[in-house]
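**Q** Whatever this is, show me its structure:
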Amino acid sequence: MNNLGSFIIKHHFVILFILLEVISILLLARSQNFHRNRLVNTTNDAVGKVYEWSSEVGNYFRLNTANKQLAEENALLRKQLSVVYDTTSCTYDILNGDTLYEYIPAQVVNNSTTQANNYIIINKGAADGITRDMSVMSTEGIVGVVIDVSRHYASIMSLLHSKSVVGVRIKESQELASLKWETNNYRYGMVEDIPTHIVLKQGDTILTSSHSYIFPEDLMVGTVEEFYPTAVDALNRAKIRFATDFATLRHVYVINDLHKPELDSLKARFQ
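**A** Down below sits the predicted model:
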């Protein structure tokens, strides 16, 4: 004990410096979503691994719910889709009309829902074929868009972000609108630019539209909670309940549009 005390006294400046550095980094990462994501995706995969271990501990106690959810999803896929499963890559190739999509399953290792700009970190990255601008969905509905990728992890800008804008379609009328997050509540979003002749009622379904170059068409977005008609010649708005419960989000699918490079090449000719 005397030797330990002498060592601490002799090197107390160095020990204090290291302790303050560690505390500063932890506080910065916890308080700023941007810094937390940059730490994980550009400088330190080890931080992502820590998030993953922590997530796995929590998931252990939710196995029954997760297994039930996955079983229901598999039953729905078998009923509605023609699926080719590749056991070597653990991906689903699903032919939807003329567009081929690859669905890459991933686990959420970190997620925020209470900030003005919320992000999600998943345990798949460049080594798994993930790239920027890929869309992400859960078993219930859409989740967000990949914005940053490291070798083994990726950051997603969720729908709960001030800059998130998604092209959507009202299922009942086929009219187009846009989705934003302006409610500060992880369960609700706002659909804007609704034509004046359209009147929505509670429970009406909102889907992704064909005008969205990020998300495939007809993915579930949410259902109408409240409708806000505005003055004459002004577009209407509606509050919707997200299909995805971001607070309990554990598993997602990253969507790879295999025809996207061809579409991007065509769009570039008109820019």
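**Q** switch to C-alpha atoms for all contacts and neighbour counts from now on
**A** Will do.
**Q** List the contacts of the closest residue to F215 other than its chain neighbours.
**A** If you skip the residues right next to it in sequence, F215 has S135 as its closest partner in space, 5.6 Å away by C-alpha to C-alpha, 6 or more residues apart in numbering. Residues counted as contacts of S135 (C-alpha atoms under 8 Å, 6 or more residues apart in numbering) are 143-146, 214-215, 254-256.
**Q** How about M137?
**A** When contacts are taken as C-alpha under 8 Å, 6+ apart, M137 is in contact with 143-144, 252-255.
**Q** try 10 Å this time
**A** The neighbourhood of M137, defined by C-alpha atoms under 10 Å, 6 or more residues apart in numbering, consists of 103, 105, 143-145, 158, 215, 219-221, 244, 251-255.
**Q** follow-up on the earlier one: quick check: beta-bridge partners of the residue nearest to F215?
**A** According to DSSP bridges, the partner residues bridging S135 are V145, I255.
**Q** any idea how far it lies from T196?
**A** Using C-alpha to C-alpha, to the nearest Å, one obtains 30 Å as the distance from S135 to T196.
**Q** just the buried members of the contacts of S135?
**A** If you count burial by 16 or more other C-alpha atoms under 10 Å, the buried members of these come out as 143-146, 214-215, 254-256.
**Q** which two from those residues end up farthest apart in space?
**A** Among the buried ones among the contacts of S135, the pair separated by the greatest distance (C-alpha to C-alpha) is V143 and N256, at 14.4 Å.
**Q** where does G141 fall, phi/psi-wise?
**A** Per-residue torsions, G141: phi -180, psi -170 (degrees, to the nearest 10).
**Q** so how many other residues sit close to the nearest residue to it once chain neighbours are set aside?
**A** For G141, ignoring the flanking residues on the chain, the nearest one in space by C-alpha to C-alpha, 6+ apart is M220 at 4.6 Å. In terms of burial, M220 registers 21 neighbours under the definition other C-alpha atoms under 10 Å.
**Q** M220 is in contact with D204, isn't it?
**A** No: counting by C-alpha atoms under 10 Å, no contact exists between M220 and D204, whose distance comes to 11.6 Å.
**Q** sec struct for L19, please.
**A** Taken by DSSP: H, G, I helix; E, B strand; the rest coil, the conformation at L19 corresponds to helix.
**Q** where in the stretch 101-250 of the chain is pLDDT low?
**A** Where the stretch 101-250 of the chain drops to pLDDT under 70, the residues are 232-233.
**Q** can you give me the strands in it?
**A** Along the stretch 101-250 of the chain, counting by DSSP state E, counting those that start in this stretch, strands occupy 117-122, 135-137, 142-149, 154-161, 166-170, 176-180, 188-194, 205-208, 220-228, 236-242.
**Q** Which residues are in contact with F215?
**A** When contacts are counted by C-alpha under 10 Å, 6+ apart, F215 touches 133-137, 142, 144-145, 166-168, 208-209, 255-257.
**Q** And for K260?
**A** Applying C-alpha under 10 Å, 6+ apart, the residues contacting K260 are 99-101, 134, 213-214, 266.
**Q** same question, M134
**A** By C-alpha under 10 Å, 6+ apart, the residues touching M134 are 144-147, 156, 213-215, 254-257, 260.
**Q** would you list the contacts of K260 in CSV and tack on distance to L19?
**A** Formatted as CSV, the entries for the contacts of K260 read as follows, by distance: C-alpha to C-alpha, whole Å:
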residue, distance to L19
T99, 54
L100, 52
Y101, 48
M134, 39
Y213, 47
I214, 44
L266, 54
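**Q** which of those residues are buried?
**A** Members of the contacts of K260 that pass the buried threshold by neighbour count (16+ other C-alpha under 10 Å) are listed as 101, 134, 213-214.
**Q** Can you tell me which of those lies closest to L16?
**A** Where these are concerned, and distances follow C-alpha to C-alpha, L16 has its nearest neighbour in M134, at 44.0 Å.
**Q** Could you find the closest non-adjacent residue to the closest one?
**A** M134 sits nearest to V146 (C-alpha to C-alpha, 6+ apart), 5.3 Å away.
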